[in-house]
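Undergrad: Need a 3D model of the sequence below.
(one chain, ligands or ions: 1)
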Amino acid sequence: MRRRGKTITRRDKTRTKNELAQPRSPSLHARSKGNALRINQILSLAGLTSRRKADEWIKSGRVAVNGRLVTELGTRAVWGFDSIEVDGAEIPKPSARIYLVLNKPFGYVCSLSDPEGRRLVTDLLKGVTQRVYPVGRLDFDTLGLLLFTNDGECAHRLTHPSYRVPRTYKVTVAGKITDEAISLLKRGVQLEDGPTGLSKTTLISRSEKQSIIRMTITQGKSRQVRRMLEAVGYRAVHLMRTGFGKLSLGDLRVGEYRHLEKEEIESLRKLVGLV
Ligand code: URA
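TA: Sure thing, here's the model as predicted:
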């Protein structure tokens with residue numbers, strides 16, 4: 001195997017599987033808890049192949065990190081810092097723009113600082129070295145999908161009402177919501193800072209004690225869902241954002257984040273006329 005002027009030596013090839021999985025460069029391990037991603041994820045984010053195929057490449061000895069063959073699935077590296085090669089050719093550096101989606105837990109502030117010293121959503125972005133900003137806000141007690149990026153123009157457009165980017169919420173409401181209230185929510189309501197647009201509202205379940213509805217709105221007024229419910233006589237007791245544009249939470253666990261895939265980034269940018 002050739003790597004830019006160097007050849008992986010017989011010594012490398014005769015190292016045991018364990019040795020190969022632990023490159024001698026201390027950087028990989030010293031930093032693995034921080035910025036490192038699994039190599040299959042890096043190869044997929046770089047648009048080179050799927051994660052499954054990347055695992056096959058790794059197993060068949062086509063991937064090297066910092067000049068050492070990697071054959072252990074799950075090995076991590078820092079994309080853009082460690083040198084990652086496939087068949088001897090260095091993979092492209094990560095784009096300067098990054099896009100992440102976090103499943104925000106309850107009890108975190110959507111801000112870069114908080115005078116009251118509460119936990120910040122950015123505390124959850126362990127290992128992200130670039131400065132990224134939340135796209136819009138979720139309340140302290142709202143959970144769910146929160147996008148982050150350092151792509152200012154895209155963030156601006158995604159939050160601008162003229163682009164009408166759909167945001168979907170699953171809302172638990174105290175009491176038994178009536179069909180009439182649902183119709184009012186669909187038509188949009190008058191808030192003190194102006195009318196809301198239409199919403200797509202569907203009933204998931206209802207009992208005397210509580211109701212669960214799904215609402216999709218295309219504006220991002222402050223506390224919009226809670227205020228819309230108050231305007232029709234109800235109180236949201238649990239609010240979770242499940243969708244933003246075409247993004248959904250999928251199986252992302254609460255408190256975890258992931259990098260968007262290339263197609264997801266393209267679809268987001270397309271939605272706001274940037275592709
Ligand atoms: N609407 C709200 O009321 N709160 C949120 O956090 C998001 C949308």
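Undergrad: Pretty sure Ala155 sits in a helix.
TA: Yes - secondary structure of Ala155 (DSSP: H, G, I helix; E, B strand; the rest coil): part of a helix.
Undergrad: how about the nearest residue to it, chain neighbours excluded?
TA: Leaving aside its sequence neighbours, Ala155 sits nearest to Val135 (C-beta to C-beta, 6 or more residues apart in numbering; 4.7 Å). Bear in mind the C-beta positions are built from the backbone N, C-alpha and C, glycine included.
Undergrad: Quick check, Leu268 in contact with Val275.
TA: No - counting by C-beta atoms under 8 Å, Leu268 does not reach Val275; the two are 9.1 Å apart.
Undergrad: Around the ligand, pick out the residues from this protein.
TA: 138-139, 142, 223-226, 239 (C-beta under 6 Å from any ligand atom).
Undergrad: Filter these down to the ones in helices?
TA: In helices, judged by DSSP state H, the following of the residues of the chain next to the ligand are found: 224-226.
Undergrad: hey, where'd the helices end up in the stretch 101-250 of the chain?
TA: Assigned helices in the stretch 101-250 of the chain, in chain order: 152-159, 179-187, 224-231 (criterion: DSSP state H, counting those that start in this stretch).
Undergrad: I'd like those as CSV, with mean pLDDT, distance to Gly255 and mean neighbour count appended.
TA: Below are the helices of the stretch 101-250 of the chain laid out as CSV (pLDDT from 0 to 100; distance: least, C-beta to C-beta, whole Å; neighbours: other C-beta atoms under 10 Å):
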stretch, mean pLDDT, distance to Gly255, mean neighbour count
helix 152-159, 91, 22, 17
helix 179-187, 98, 30, 16
helix 224-231, 98, 22, 19
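Undergrad: Is it correct that Leu274 is in contact with Ala155?
TA: No - taking contacts as C-beta under 8 Å, Leu274 lies outside contact range of Ala155: 10.9 Å.
Undergrad: Could you report the distance from the closest residue in space to Ile42 that isn't next to it in sequence to the ligand?
TA: Nearest residue to Ile42, sequence neighbours excluded (C-beta to C-beta, 6+ apart): Trp79, at 4.6 Å. Distance of Trp79 to the ligand, given as C-beta to the nearest ligand atom, to the nearest Å: 32 Å.
Undergrad: per-domain residue ranges of this protein.
TA: Following automatic domain parsing, one finds the domains of the chain at 11-90, 99-161+249-271, 166-244.
Undergrad: and Gln190, what does it touch?
TA: By C-beta atoms under 8 Å, 6 or more residues apart in numbering, the contact set of Gln190 is 196, 231.
Undergrad: Which positions are bridged to it in the beta structure?
TA: When bridges are called by DSSP bridges, Gln190 pairs up with Pro195.
Undergrad: Quick test: name the residue nearest the centre of this structure.
TA: Centroid-nearest residue in the chain: Val101, 1.3 Å away (criterion: C-alpha atoms, centre = their mean).
Undergrad: my read: that one touches Gly144, true?
TA: No - using C-beta under 8 Å, Val101 makes no contact with Gly144, being 10.0 Å away.
Undergrad: Mutual contacts of those two, please.
TA: In contact with both Val101 and Gly144: Leu249, using C-beta under 8 Å, 6+ apart.
Undergrad: just to revisit the earlier point, reformat the helices of the stretch 101-250 of the chain as TSV; add distance to Leu252.
TA: Shown next, in TSV, are these (distance: least, C-beta to C-beta, whole Å):
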stretch	distance to Leu252
helix 152-159	19
helix 179-187	27
helix 224-231	21
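Undergrad: Just confirm the residue nearest to Ile42 contacts Leu45, I think it does.
TA: Yes - assessed by C-beta under 8 Å, Trp79 is found in contact with Leu45 at 7.2 Å.
Undergrad: where do the contact lists of the two overlap?
TA: Contact criterion C-beta under 8 Å, 6+ apart; residues shared by Trp79 and Leu45: 37, 94.
Undergrad: rewinding a little: the residue nearest to the centre of the chain bridge partners, please.
TA: Where Val101 sits in a bridge, its partners, by DSSP bridges, are Leu147, Arg258.
Undergrad: ok, it to the ligand distance?
TA: Val101 is 15 Å from the ligand, where distance means C-beta to the nearest ligand atom.
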